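S.K.: I'd like to go over a predicted model; first the sequence, then the structure.
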Amino acid sequence: MALSFQPKSTKQRMKRVAQTVLQSAGILPGLILVVYSAGFPLLGLCISHVSAQDSSPDGAIIRMEPVSTEYKISETLEIDVYLDMHGKSANSAEVAVKFCPDVLTLATFDLGRENRATQELVTIDNEHGVVDAPFMWLDGVDKDDVLLGKLKFKVKDDMADCDVKFVEEGTDPDHTTGVFVADSTENVAKNVLSDTSGLHISKGRVSVGDDKSVPVETAEAQTIQDSSQLIGGDYMYSVAIYALSALSGGILAVIVWEAYSLIKRPS
């Protein structure tokens, strides 16, 4: 007796495929969750790293860091002055710092080891609240965290506000801060200083820059947030990534719904 073979209709085949898809869909949300929770932050980290490289400063930075974030009247407030070169070579530098003579008295500005300047060239004017350290010979220093010197203040008033900041080029004809690189082609020394960072003191506390709301201990976290080193590395990248995630999830939902509707549809 011959067996008859009747091929399945196209509709039956589609229904079988839909059943398979629906059964497989049970594990897809978990896989997608893993991809979204691990893959996209990793992608964001890569983008953030590239963005950080692209946004790295081109010039030198001179900044202040307090040895202690708290102080009291009659105590010594020590502030370190650092130079960051970001791989470029510096021939020399000069530093001028202004402070509040009614709040602080500067005892010394001790020069760092990599600074070839002569201590006798440092001039301190406590009457007008300014210190000058010219002719700092750096002999091609090209690294970061170079200690140019240490400011040692005596606190006269621990309740008043005071900004301790660098005198930037062009703001004062008698005092200036700069980092200089020799240009052999033009036979001149160019100032490559791109930014400075001072301190604000108020009521026994030291904070970064002129912003009283940014204490030293949270400055690193604030810098990370300001740099947008979150998922995606940048706000627009984050929006694009999450938009892609939502679109992918929507497409998956449509596929599952269509498969479910096809199964429930009578043959």
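M.R.: Arrived safely.
S.K.: and the strands in the stretch 51-200 of the chain?
M.R.: Taking DSSP state E, counting those that start in this stretch as the criterion, the stretch 51-200 of the chain carries its strands at 60-66, 76-84, 90-98, 104-111, 123-125, 130-141, 146-155, 162-166, 178-183, 188-191, 193-197, 199-202.
S.K.: for Ser202, give its distance to Asp158.
M.R.: In this view, Ser202 and Asp158 are 9 Å apart by Cβ to Cβ, to the nearest Å. All C-beta spots, glycine's among them, are computed from the backbone N, C-alpha and C.
S.K.: same check on Leu151?
M.R.: Distance from Leu151 to Asp158, by Cβ to Cβ: 17 Å.
S.K.: and Asp139, by the same measure?
M.R.: Taking Cβ to Cβ, one finds Asp139 at 40 Å from Asp158.
S.K.: which one's more surrounded, these two?
M.R.: Asp158 (18 against 11; other Cβ atoms under 10 Å).
S.K.: that one reaches Lys203, doesn't it?
M.R.: Yes: using Cβ atoms under 8 Å, Asp158 makes contact with Lys203 at a distance of 7.2 Å.
S.K.: which neighbours do these two share?
M.R.: By Cβ atoms under 8 Å, 6 or more residues apart in numbering, Asp158 and Lys203 have no common neighbours.
S.K.: low-scoring stretches of this structure, by residue?
M.R.: 1-58, 209-246, 248-249, 254, 256-267 (pLDDT under 70).
S.K.: domain parsing for it?
M.R.: The chain is divided into the following domains under automatic domain parsing: 10-53+230-264, 60-211.
S.K.: make JSON lines out of the strands of the stretch 51-200 of the chain and add distance to Ala253.
M.R.: Supplementary listing: these in JSON lines, determined by distance: least, Cβ to Cβ, whole Å:
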{"stretch": "strand 60-66", "distance to Ala253": "50"}
{"stretch": "strand 76-84", "distance to Ala253": "50"}
{"stretch": "strand 90-98", "distance to Ala253": "59"}
{"stretch": "strand 104-111", "distance to Ala253": "65"}
{"stretch": "strand 123-125", "distance to Ala253": "71"}
{"stretch": "strand 130-141", "distance to Ala253": "59"}
{"stretch": "strand 146-155", "distance to Ala253": "57"}
{"stretch": "strand 162-166", "distance to Ala253": "57"}
{"stretch": "strand 178-183", "distance to Ala253": "58"}
{"stretch": "strand 188-191", "distance to Ala253": "59"}
{"stretch": "strand 193-197", "distance to Ala253": "49"}
{"stretch": "strand 199-202", "distance to Ala253": "53"}
